[in-house]
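> here is my input; please provide its structure:
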Amino acid sequence: MNKKLVATLAVALLAAGSASPARATLTDRGCGMIYDDDLGPNGTTWLADATYAATELSDARVAEIIGGFPTPFPDGHVLVPEDFAKNSSGQYTGKMTWWGAVAWADQLTYSDLSGWRLPTVPLPAGGPCVGNNCTDSEMGHLYYTELGGAANSFSILFSSDPDVALFQFSSQIGTYWSGTDATADPLIGGPLFFTFINFSVPSAGLQGASGKSGAAGAWAVRDGDVVSDIDCDGVADGDDNCPNDLNSDQADTDGDGDGNACDDDDDNDGVLDNVPDNCPLTYNPDQTDDNGNGVGDACEDADDDGVLDDVDQCPDTPVDELAGDDGCAISQLCPCAQPEGDLWKNHGAYVRCVAHASGDFVAAGWITEAEKDAIVSEAGESVCGQKN
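Okay, here's the model as predicted:
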């Protein structure tokens, strides 16, 4: 940061109300997002991980950001890879120039949501608040009003407010860029930042400014609320049959409204899954298991072809062959040597059988036309049905 500028700002602090407004509510919406109901007309959503950029960035991602963000900036700067800091091991640190931070947030898609940005600072006619107790900015509001941070502290983590636990911070990134550029203000001269952690100097709670080429973190926020999805499975809590368990497929075998992921008895046969039920997804209250292999007869599939034994017309399908709904592979429907030693009338009869069976597989969507052609061609080159 520009130490001379920060020192100047610290001396020339503008008045900032220190009285805390009525406490708002921070709500965990799940999937790493926290909703603050009194920032902006419709509230504001924060990423719970303040250092998400450190794990999200990669060379490919940086190239994507540079290619997707409309540059140059109004000041003429064109994004370059050097706008995103790396350590000596070549890993991204999560710190970046102001230009990099603005572009990173703008190009971010998180939990299938776009529209992210950096937190903002108001720019009234008299100039923005700098120094401590700047509660009118989004980060200042979060630090002081929501998280109970203290001015001239070493870290927001020293706050006793339980809501601090909603967020993930790191001592490696303690200061974050705002998206507000006050370069035109002669007393400010650059974009504004906010410090949450500084174990070297007790400056947590400080809002200041620095040159755009400085290195600071980027913390993404989004206008408005998001649909709550506590388990982050892509299904809103109100529609999720297991709101606290990841189950994007919403499987509910017994149709009781509780998804399999959180249902103690998925098939509703009165035998709890963890007893264990030898057919957890198939109704079998008697738990019959004739061969004693631990798999109930009701769900046994000895040849693992996807067709249960009690309806499988070909219970010994080879492991490398695709079976139809009846459990039979094409090689079983049209065996080269017919049962009981009977021979095909001729080679053509065998090939016609294979063509017909593979045609049925195509119609059912199990194989493609190209795969069918290969199967029929192989049958044609075989000796099956040929007379000696």
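> now do the contacts for Gly238.
Counting by CB atoms under 8 Å, 6 or more residues apart in numbering, Gly238 touches Ser228. C-beta coordinates here come from the backbone N, C-alpha and C atoms, glycine included.
> could you look up the SS state of it?
helix (DSSP: H, G, I helix; E, B strand; the rest coil).
> likewise for Ala370?
Going by three-state DSSP: Ala370 is helix.
> for it, give me the pLDDT.
Listed pLDDT for Ala370 reads 95.
> my guess is Asp185 contacts Gly126, does it?
No: using CB atoms under 8 Å, Asp185 is not in contact with Gly126; the gap is 9.9 Å.
> which of these two has more residues huddled nearby?
Higher neighbour count among Asp185 and Gly126: Asp185, with 15 against 10, using other CB atoms under 10 Å.
> center of the protein, which residue is that?
Ser111 (5.2 Å; CA atoms, centre = their mean).
> can you pull the contacts of that residue?
Counted by CB under 8 Å, 6+ apart, Ser111 has contacts 31-33, 226, 229, 232.
> and the longest strand anywhere in the chain, average pLDDT?
When the chain is parsed with DSSP state E, its longest strand is strand 175-181. Averaged across strand 175-181, the pLDDT comes to 98.
> what sits up against the following helix or strand past that strand?
Next along the chain after strand 175-181, taking DSSP states H and E as the criterion, comes strand 191-195. For strand 191-195, contacts defined as CB under 8 Å, 6+ apart pick out 1, 98, 119, 121, 128, 130, 134, 137, 139-140, 143, 174-183, 203-210, 212, 216.
> repeat for stretch 316-331
In contact with stretch 316-331 (CB under 8 Å, 6+ apart) are residues 302-307, 311-315, 332, 354, 357-358, 360-361, 364, 366-367, 375.
> quick check: buried residues in that stretch?
317, 323-324, 327-331 (16 or more other CB atoms under 10 Å).
> in helices, which of these appear?
Here DSSP state H is the test, and these give 330-331 as lying in helices.
> mind putting the buried residues of stretch 316-331 into JSON lines with distance to Cys384?
What follows is these, written out as JSON lines (distance: CB to CB, whole Å):
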{"residue": "Thr317", "distance to Cys384": "19"}
{"residue": "Ala323", "distance to Cys384": "20"}
{"residue": "Gly324", "distance to Cys384": "20"}
{"residue": "Gly327", "distance to Cys384": "22"}
{"residue": "Cys328", "distance to Cys384": "17"}
{"residue": "Ala329", "distance to Cys384": "15"}
{"residue": "Ile330", "distance to Cys384": "12"}
{"residue": "Ser331", "distance to Cys384": "10"}
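> circling back: so the longest strand of the chain versus strand 191-195, what angle?
150 degrees (axes from the mean of the first three to the mean of the last three CA atoms, to 10 degrees).
> what's strand 175-181 packed up against?
helix 98-106, helix 138-140, strand 191-195, strand 216-217 (3 or more CB pairs under 8 Å, 6 or more residues apart in numbering; DSSP states H and E).
> same list, the ones you listed, but as TSV with mean neighbour count please.
Compiled in TSV, those are given as follows (neighbours: other CB atoms under 10 Å):
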stretch	mean neighbour count
helix 98-106	25
helix 138-140	25
strand 191-195	26
strand 216-217	26
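> who wins for proximity to Ser153 among those?
Nearest to Ser153 among those is strand 191-195 (9.5 Å), distances taken as CB to CB.
> the closest one pairs with which strands, parallel or anti?
strand 175-181 (antiparallel), strand 207-209 (antiparallel) (DSSP bridges).
> need the contact partners of the longest one.
Strand 175-181 is touched from outside by 1, 50, 96, 98, 101-102, 105, 117-121, 123, 128, 137-139, 190-198, 212, 216-219, with contacts defined as CB under 8 Å, 6+ apart.
> now the strands for the stretch 51-200 of the chain?
In the stretch 51-200 of the chain, the segments counted as strands under DSSP state E, counting those that start in this stretch are 84-86, 92-96, 116-117, 175-181, 191-195.
> what stretches of the chain score poorly on pLDDT?
Across the chain, the ranges flagged by pLDDT under 70 are 1-24, 230, 290, 293, 297, 302, 338-342, 388.
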